[in-house]
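Chemist: what's the 3D shape of this:
(one chain, ligands or ions: 1)
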Amino acid sequence: MDILKVKNYEEMSKTAAEYIIKEVRQYPSIKLGLATGSTPVGTYKHLIEDHKSNGTSYKDVTTFNLDEYIGLSGNHPSSYRYFMNSILFDHLDISKKNTYIPSGVANDMEKECFDYERLLDRRAGIDLQILGIGSNGHIGFNEPGTSFSSKTHLVDLAQSTREANARFFSNLDEVPDQAITMGISTIMKSKEILLLVSGEAKSEATKQLLAGNIAEQFPASILRKHTNVKIIADKAALAEIRVHS
Ligand code: GLP
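Modeler: Model prediction:
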(Lines give C-alpha, C1' and ligand atoms only; values in the text may rest on other atoms or scores of the structure.)
Protein backbone atom coordinates (compact mmCIF):
# COMPACT_ATOMS: atom_id res chain seq x y z
CA MET A 1 0.00 0.00 0.00
CA ASP A 2 1.31 3.45 -0.88
CA ILE A 3 0.81 5.88 1.97
CA LEU A 4 0.79 9.57 1.33
CA LYS A 5 0.93 11.70 4.46
CA VAL A 6 -0.68 15.11 4.16
CA LYS A 7 -1.13 18.00 6.56
CA ASN A 8 -4.84 18.06 7.13
CA TYR A 9 -8.32 17.36 5.78
CA GLU A 10 -8.10 20.10 3.16
CA GLU A 11 -4.82 18.83 1.76
CA MET A 12 -6.17 15.26 1.74
CA SER A 13 -9.25 16.42 -0.18
CA LYS A 14 -7.26 18.43 -2.71
CA THR A 15 -4.73 15.66 -3.30
CA ALA A 16 -7.44 13.03 -3.73
CA ALA A 17 -9.42 15.25 -6.10
CA GLU A 18 -6.35 15.98 -8.22
CA TYR A 19 -5.72 12.27 -8.55
CA ILE A 20 -9.31 11.50 -9.54
CA ILE A 21 -9.42 14.40 -12.01
CA LYS A 22 -6.23 13.21 -13.67
CA GLU A 23 -7.76 9.74 -14.09
CA VAL A 24 -11.07 11.07 -15.42
CA ARG A 25 -9.25 13.24 -17.95
CA GLN A 26 -7.10 10.34 -19.07
CA TYR A 27 -9.94 7.78 -19.14
CA PRO A 28 -13.19 9.69 -19.85
CA SER A 29 -15.34 6.55 -19.54
CA ILE A 30 -13.78 5.47 -16.24
CA LYS A 31 -15.92 3.55 -13.74
CA LEU A 32 -15.60 5.14 -10.32
CA GLY A 33 -16.59 3.55 -7.03
CA LEU A 34 -17.84 6.20 -4.64
CA ALA A 35 -18.21 6.43 -0.88
CA THR A 36 -20.38 8.46 1.45
CA GLY A 37 -19.66 9.79 4.94
CA SER A 38 -17.91 13.03 5.81
CA THR A 39 -14.46 11.99 4.62
CA PRO A 40 -14.94 12.34 0.83
CA VAL A 41 -17.10 15.50 0.96
CA GLY A 42 -14.11 17.86 0.56
CA THR A 43 -12.83 15.78 -2.34
CA TYR A 44 -16.21 15.99 -4.05
CA LYS A 45 -16.23 19.79 -3.56
CA HIS A 46 -12.91 20.00 -5.38
CA LEU A 47 -14.25 17.84 -8.23
CA ILE A 48 -17.16 20.24 -8.61
CA GLU A 49 -14.93 23.33 -8.53
CA ASP A 50 -12.66 21.81 -11.15
CA HIS A 51 -15.63 20.82 -13.32
CA LYS A 52 -16.91 24.40 -13.17
CA SER A 53 -13.60 26.15 -13.74
CA ASN A 54 -11.68 23.70 -15.96
CA GLY A 55 -14.54 21.84 -17.62
CA THR A 56 -13.48 18.30 -16.68
CA SER A 57 -16.37 16.27 -18.02
CA TYR A 58 -18.16 13.33 -16.40
CA LYS A 59 -20.59 12.73 -19.24
CA ASP A 60 -19.09 9.33 -20.03
CA VAL A 61 -18.23 8.39 -16.43
CA THR A 62 -20.14 5.67 -14.59
CA THR A 63 -20.27 5.55 -10.81
CA PHE A 64 -21.15 2.79 -8.36
CA ASN A 65 -21.75 3.60 -4.72
CA LEU A 66 -20.82 1.23 -1.96
CA ASP A 67 -23.99 1.09 0.06
CA GLU A 68 -27.43 2.33 1.07
CA TYR A 69 -29.63 2.22 4.16
CA ILE A 70 -32.47 -0.27 4.19
CA GLY A 71 -35.87 1.39 4.26
CA LEU A 72 -34.80 4.78 2.90
CA SER A 73 -35.88 5.72 -0.59
CA GLY A 74 -33.81 8.09 -2.71
CA ASN A 75 -36.05 11.00 -1.69
CA HIS A 76 -35.22 10.61 1.98
CA PRO A 77 -32.75 13.36 2.93
CA SER A 78 -30.63 10.87 4.91
CA SER A 79 -30.43 8.29 2.12
CA TYR A 80 -27.12 7.89 0.37
CA ARG A 81 -28.84 8.49 -3.00
CA TYR A 82 -30.03 11.87 -1.79
CA PHE A 83 -26.61 12.63 -0.29
CA MET A 84 -24.76 11.76 -3.51
CA ASN A 85 -27.16 13.72 -5.70
CA SER A 86 -26.97 16.82 -3.57
CA ILE A 87 -23.26 16.90 -2.80
CA LEU A 88 -21.93 15.69 -6.13
CA PHE A 89 -24.03 14.44 -9.04
CA ASP A 90 -26.32 17.51 -9.29
CA HIS A 91 -23.24 19.69 -9.83
CA LEU A 92 -21.50 17.70 -12.55
CA ASP A 93 -22.45 16.92 -16.14
CA ILE A 94 -22.80 13.24 -15.23
CA SER A 95 -25.87 11.43 -16.48
CA LYS A 96 -27.91 10.21 -13.47
CA LYS A 97 -28.64 6.97 -15.25
CA ASN A 98 -24.93 6.20 -15.03
CA THR A 99 -24.87 6.67 -11.26
CA TYR A 100 -25.64 3.41 -9.53
CA ILE A 101 -26.49 3.04 -5.86
CA PRO A 102 -28.06 -0.12 -4.47
CA SER A 103 -31.72 0.36 -3.57
CA GLY A 104 -32.68 0.28 0.09
CA VAL A 105 -36.36 -0.17 -0.74
CA ALA A 106 -36.41 -2.96 -3.33
CA ASN A 107 -39.22 -5.48 -2.78
CA ASP A 108 -36.85 -8.38 -3.04
CA MET A 109 -33.60 -7.43 -1.32
CA GLU A 110 -31.92 -10.73 -2.11
CA LYS A 111 -32.49 -10.06 -5.79
CA GLU A 112 -31.26 -6.48 -5.39
CA CYS A 113 -27.97 -7.76 -3.91
CA PHE A 114 -27.60 -10.32 -6.68
CA ASP A 115 -28.43 -7.78 -9.40
CA TYR A 116 -25.98 -5.18 -8.07
CA GLU A 117 -23.19 -7.72 -7.98
CA ARG A 118 -24.06 -8.92 -11.48
CA LEU A 119 -24.18 -5.36 -12.78
CA LEU A 120 -20.65 -4.79 -11.52
CA ASP A 121 -19.47 -8.05 -13.08
CA ARG A 122 -21.13 -7.26 -16.40
CA ARG A 123 -19.52 -3.84 -16.44
CA ALA A 124 -16.18 -5.54 -15.76
CA GLY A 125 -15.81 -3.90 -12.38
CA ILE A 126 -14.67 -0.64 -10.90
CA ASP A 127 -11.52 1.07 -12.13
CA LEU A 128 -10.99 3.37 -9.16
CA GLN A 129 -12.76 2.89 -5.84
CA ILE A 130 -12.79 5.74 -3.31
CA LEU A 131 -13.04 4.47 0.26
CA GLY A 132 -13.37 5.83 3.75
CA ILE A 133 -12.99 3.76 6.88
CA GLY A 134 -15.19 3.42 9.97
CA SER A 135 -13.58 3.66 13.41
CA ASN A 136 -14.23 -0.06 13.85
CA GLY A 137 -12.52 -0.83 10.53
CA HIS A 138 -15.64 -1.13 8.41
CA ILE A 139 -15.42 -0.44 4.69
CA GLY A 140 -18.66 0.21 2.87
CA PHE A 141 -20.97 -1.14 5.57
CA ASN A 142 -19.01 -4.35 6.06
CA GLU A 143 -18.89 -4.54 9.82
CA PRO A 144 -16.30 -6.50 11.86
CA GLY A 145 -16.75 -10.22 11.35
CA THR A 146 -17.92 -9.95 7.72
CA SER A 147 -16.47 -12.70 5.56
CA PHE A 148 -13.65 -11.60 3.29
CA SER A 149 -15.40 -13.55 0.52
CA SER A 150 -18.69 -11.64 0.90
CA LYS A 151 -20.45 -10.20 -2.14
CA THR A 152 -23.14 -7.50 -2.12
CA HIS A 153 -25.29 -8.35 0.89
CA LEU A 154 -27.52 -7.10 3.68
CA VAL A 155 -25.93 -6.22 6.98
CA ASP A 156 -27.02 -5.43 10.51
CA LEU A 157 -25.33 -2.18 11.43
CA ALA A 158 -23.15 -2.13 14.53
CA GLN A 159 -24.49 0.11 17.27
CA SER A 160 -21.25 2.15 17.11
CA THR A 161 -21.81 2.72 13.38
CA ARG A 162 -25.42 3.83 13.97
CA GLU A 163 -24.18 6.23 16.65
CA ALA A 164 -21.38 7.55 14.43
CA ASN A 165 -23.84 8.18 11.60
CA ALA A 166 -26.63 9.61 13.77
CA ARG A 167 -25.37 13.10 12.89
CA PHE A 168 -26.91 12.66 9.44
CA PHE A 169 -30.36 11.99 11.00
CA SER A 170 -32.57 13.97 13.37
CA ASN A 171 -31.95 11.41 16.12
CA LEU A 172 -30.38 8.02 16.76
CA ASP A 173 -33.73 6.18 16.60
CA GLU A 174 -34.09 7.24 12.98
CA VAL A 175 -30.86 5.54 11.89
CA PRO A 176 -31.81 2.30 10.14
CA ASP A 177 -30.66 -1.01 11.66
CA GLN A 178 -29.70 -2.48 8.33
CA ALA A 179 -27.98 -1.60 5.09
CA ILE A 180 -27.16 -3.10 1.72
CA THR A 181 -23.47 -2.97 0.91
CA MET A 182 -20.96 -4.17 -1.64
CA GLY A 183 -19.16 -7.08 -0.01
CA ILE A 184 -15.49 -7.26 0.80
CA SER A 185 -14.74 -9.39 -2.23
CA THR A 186 -16.71 -6.93 -4.39
CA ILE A 187 -14.57 -4.06 -3.14
CA MET A 188 -11.37 -6.09 -3.57
CA LYS A 189 -12.19 -6.63 -7.26
CA SER A 190 -11.68 -2.91 -7.93
CA LYS A 191 -8.61 -2.38 -10.04
CA GLU A 192 -7.40 0.46 -7.85
CA ILE A 193 -8.43 1.72 -4.43
CA LEU A 194 -7.96 5.19 -2.98
CA LEU A 195 -8.51 5.19 0.77
CA LEU A 196 -8.98 8.55 2.49
CA VAL A 197 -8.41 8.93 6.20
CA SER A 198 -8.56 12.08 8.26
CA GLY A 199 -8.65 13.11 11.88
CA GLU A 200 -7.67 11.88 15.28
CA ALA A 201 -10.85 9.84 15.63
CA LYS A 202 -9.45 7.55 12.92
CA SER A 203 -5.92 7.20 14.34
CA GLU A 204 -6.58 3.89 16.13
CA ALA A 205 -8.24 2.47 13.02
CA THR A 206 -5.34 3.66 10.87
CA LYS A 207 -2.84 2.00 13.18
CA GLN A 208 -4.80 -1.23 13.14
CA LEU A 209 -5.09 -1.06 9.36
CA LEU A 210 -1.37 -0.60 8.82
CA ALA A 211 0.09 -2.61 11.66
CA GLY A 212 -2.57 -5.01 12.93
CA ASN A 213 -3.38 -8.53 11.76
CA ILE A 214 -5.24 -9.19 8.55
CA ALA A 215 -8.45 -10.49 10.07
CA GLU A 216 -12.19 -10.41 9.43
CA GLN A 217 -12.61 -8.73 12.80
CA PHE A 218 -11.06 -5.65 11.16
CA PRO A 219 -12.51 -5.58 7.62
CA ALA A 220 -10.24 -2.89 6.17
CA SER A 221 -7.17 -5.03 6.95
CA ILE A 222 -7.89 -7.04 3.78
CA LEU A 223 -6.78 -3.99 1.77
CA ARG A 224 -3.19 -4.97 2.58
CA LYS A 225 -3.68 -7.89 0.18
CA HIS A 226 -4.77 -5.66 -2.69
CA THR A 227 -1.98 -4.86 -5.12
CA ASN A 228 -3.02 -1.31 -5.95
CA VAL A 229 -4.08 0.70 -2.90
CA LYS A 230 -3.17 4.32 -2.23
CA ILE A 231 -3.86 5.79 1.17
CA ILE A 232 -4.04 9.54 1.60
CA ALA A 233 -4.02 10.18 5.32
CA ASP A 234 -3.54 13.33 7.31
CA LYS A 235 -1.17 13.85 10.24
CA ALA A 236 -3.88 13.42 12.84
CA ALA A 237 -4.97 10.07 11.40
CA LEU A 238 -1.35 8.92 11.31
CA ALA A 239 -0.57 10.12 14.84
CA GLU A 240 -0.04 6.55 16.09
CA ILE A 241 2.10 5.45 13.15
CA ARG A 242 5.51 6.44 11.89
CA VAL A 243 5.39 7.28 8.18
CA HIS A 244 7.94 9.09 6.06
CA SER A 245 6.24 12.12 4.52
C1 GLP B 1 -20.21 5.11 6.72
C2 GLP B 1 -20.10 4.63 5.27
C3 GLP B 1 -18.69 4.28 4.93
C4 GLP B 1 -17.76 5.38 5.40
C5 GLP B 1 -17.76 5.40 6.90
C6 GLP B 1 -16.89 6.50 7.51
O7 GLP B 1 -20.71 4.17 7.61
N8 GLP B 1 -20.96 3.54 4.97
O9 GLP B 1 -18.58 4.08 3.53
O10 GLP B 1 -16.46 5.18 4.95
O11 GLP B 1 -19.07 5.55 7.39
O12 GLP B 1 -17.57 7.70 7.55
P13 GLP B 1 -16.95 9.11 7.80
O14 GLP B 1 -16.19 9.43 6.57
O15 GLP B 1 -18.10 10.02 8.00
O16 GLP B 1 -16.08 8.99 9.00
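Chemist: which residue ranges form the helices in this protein?
Modeler: Along the chain, counting by DSSP state H, helices occupy 9-26, 41-54, 80-87, 109-122, 159-165, 184-188, 203-211.
Chemist: nearest to the ligand, of those helices?
Modeler: helix 159-165 (5.4 Å; Cβ to the nearest ligand atom). Just so you know, the C-beta spots here come from the backbone N, C-alpha and C atoms, and that holds for glycine as well.
Chemist: does the ligand sit close to the closest one?
Modeler: Yes: counting by Cβ under 6 Å from any ligand atom, the ligand has neighbours in helix 159-165: 161, 165.
Chemist: what does that helix contact?
Modeler: If you take Cβ atoms under 8 Å, 6 or more residues apart in numbering as the criterion, helix 159-165 is touched by 37, 134-136, 138, 141, 143, 172, 175, 177.
Chemist: just those that are near the ligand?
Modeler: Contacts with the ligand are made by 37, 134, 141 out of the contacts of helix 159-165, judged by Cβ under 6 Å from any ligand atom.
Chemist: run through the residues of the chain sitting next to the ligand.
Modeler: Within the chain, the positions near the ligand by Cβ under 6 Å from any ligand atom are 35-39, 66-67, 132-134, 140-141, 161, 165.
Chemist: neighbour-wise, which one of the ones next to the ligand among the contacts of helix 159-165 leads?
Modeler: F141 (28 neighbours; other Cβ atoms under 10 Å).
Chemist: need the contact list for that residue.
Modeler: Applying Cβ under 8 Å, 6+ apart to F141 gives the contacts 66-67, 155, 157, 161, 179-181.
Chemist: how about low-confidence regions in this protein?
Modeler: For the chain, the stretches flagged by pLDDT under 70 are 244-245.
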